[in-house]
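Visitor: coords below, sequence missing:
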């Protein structure tokens, strides 16, 4: 059904955004996955749909859609947020993120400098291939969040 495809699209885009800013969202929602899922995914999608469709048209499908996906999304969010709780338990992710930015010694200043440099290079308003730029920005923000979480927990 068409409305379900739209819900899938909104949910997938929201997940992309979550991946790029998971540490900030962990802090904002204080690790409360249920409240986060309700607000970040369910309420946001409902609001978008309500702006473009008659509520009676999607309401029944909406509840089924989120009840079906809730546990999968929740496990995904918990996996990302587990890094925020204990970044030292996943040293490989730190190494991959450091390599991505080309950083040998992790510090706030160095991370911020490398992050800004990459954002300037791959920003969708500047980079010629918009689709590639968006994908690269998600990747940049993802690795930035990993290193930021590590620095927040252990300093640098």
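Guide: Nice, thanks for sending it over. Source: prediction; values computed, not measured. Numbering: from 1, shown residues only.
Visitor: With adjacent residues omitted, what lies nearest to residue 76?
Guide: residue 15 (7.3 Å; CB to CB, 6 or more residues apart in numbering). The C-beta positions use only the backbone N, C-alpha and C, and glycine is treated the same way.
Visitor: cool, and residue 66?
Guide: Nearest non-adjacent residue to residue 66, counting by CB to CB, 6+ apart: residue 42, 5.3 Å away.
Visitor: Now do the same for that neighbour: its pLDDT.
Guide: Listed pLDDT for residue 42 reads 95.
Visitor: following whichever strand or helix holds the residue nearest to residue 76, which helix or strand shows up next?
Guide: Using DSSP states H and E, residue 15 sits in helix 2-20. Counting by DSSP H and E, the next helix or strand C-terminal to helix 2-20 is helix 22-28.
Visitor: Go ahead and measure how far that next one is from the middle of the chain.
Guide: Distance, stretch centre to chain centre, for helix 22-28: 9 Å (CA atoms, centre = their mean, to the nearest Å).
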